[in-house]
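Participant: Can you look at this prediction? I've put the sequence above it.
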Amino acid sequence: MALIKTVRGFTPKFGKECYLADNAVIIGDVVMGDYCSIWFNTVLRGDVNSIRLGNRVNIQDGSIIHTLYGKSVALIGNNVSVGHNVVLHGAEIDDDVLIGMGAILLDHCKVGRHSIVAAGAVVLEGTFIESGSVYGGIPARRLKGVEEEQVREMITRIAENYITYANWYWEK
């Protein structure tokens, strides 16, 4: 069973049909929407400020979401996939976004809708990623636009797949 912990009077809140892996850790001021999945060895640490997840968000294995005390919050929109081993620290992610494996997103950066952050990218503090963009590299920079087919075949499909994967793990 996932570790769910109240801190500073804040208890995590979950929407309907959220899957939490056995060793996921969800602490404090965390609120998630419906059909979210939090995978193995993932930490959502809402001890120092708020973490908000929309609907159909998947936070994949080994990822960490945290914030700065009193200075930043982590906001994740609907239909977002956060890849394996991502560090998301006080960033804002709009709807329909894919964050690639091993990416690091620092405080006060904002990722616009229909965007992709490439695997291994480092998005520096305060960076604004325009809607419909692919960003990659260290530090991350705009590589190209996102094509409509990429939205369907990557962003939407991966988010939908993770709802299916979560259903495999439900104890029936």
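Facilitator: Now that the structure is in, tell me what you want to look at.
Participant: what pairs with the residue nearest in space to the middle of the chain across the strands?
Facilitator: Centroid check for the chain by Cα atoms, centre = their mean gives residue 82 as the closest residue, at 4.2 Å. Taking DSSP bridges as the rule, residue 82 bridges to residue 59, residue 99.
Participant: How about residue 37?
Facilitator: Beta bridges link residue 37 to residue 19, residue 58 when assigned by DSSP bridges.
Participant: Check which helices and strands the least confident helix or strand in the chain by mean pLDDT sits against.
Facilitator: Least confident element among the helices and strands of the chain, by mean pLDDT, DSSP states H and E: helix 148-150 (a mean of 86). Other helices and strands packing on helix 148-150, by 3 or more Cβ pairs under 8 Å, 6 or more residues apart in numbering; DSSP states H and E, are absent; none qualifies. No exception for glycine: its C-beta is placed from N, CA and C like everyone else's.
Participant: and the next element down the chain from it?
Facilitator: Later in the chain than helix 148-150, the nearest helix or strand by DSSP states H and E is helix 157-169.
Participant: and the strand ranked longest in the chain, how far out from the chain's middle?
Facilitator: Longest among the strand segments of the chain by residue count, using DSSP state E, is strand 43-53. Centre-to-centre, strand 43-53 and its host chain are 11 Å apart (Cα atoms, centre = their mean, to the nearest Å).
Participant: before we move on, the earlier item: hmm, the residue nearest to the centre of the chain is touching residue 62, no?
Facilitator: No. Using Cβ atoms under 8 Å as the test, residue 82 is too far from residue 62 to be in contact (10.5 Å).
Participant: Show the contacting residues for residue 112.
Facilitator: Residue 112 makes contacts with 94, 97, 128-133, as judged by Cβ atoms under 8 Å, 6 or more residues apart in numbering.
Participant: what do you get for residue 51?
Facilitator: 29-31, 44-45, 65-67, 73-74, 76.
Participant: ditto for residue 62
Facilitator: Counting by Cβ under 8 Å, 6+ apart, residue 62 touches 40-42, 84-85.
Participant: at 7 Å instead, please
Facilitator: 41-42, 84-85 (Cβ atoms under 7 Å, 6 or more residues apart in numbering).
Participant: Most neighbours among the residues you listed, please name it.
Facilitator: residue 42 (26 neighbours; other Cβ atoms under 10 Å).
Participant: quick one: low-confidence parts of this structure?
Facilitator: The model of the chain has pLDDT under 70 over residues 171-172.
Participant: so how many other residues sit close to the nearest residue to residue 166 once chain neighbours are set aside?
Facilitator: Nearest residue to residue 166 in three dimensions, chain neighbours excluded: residue 19, at 3.6 Å (Cβ to Cβ, 6 or more residues apart in numbering). Neighbourhood size, residue 19 [other Cβ under 10 Å]: 21.
Participant: That'll do, ta.
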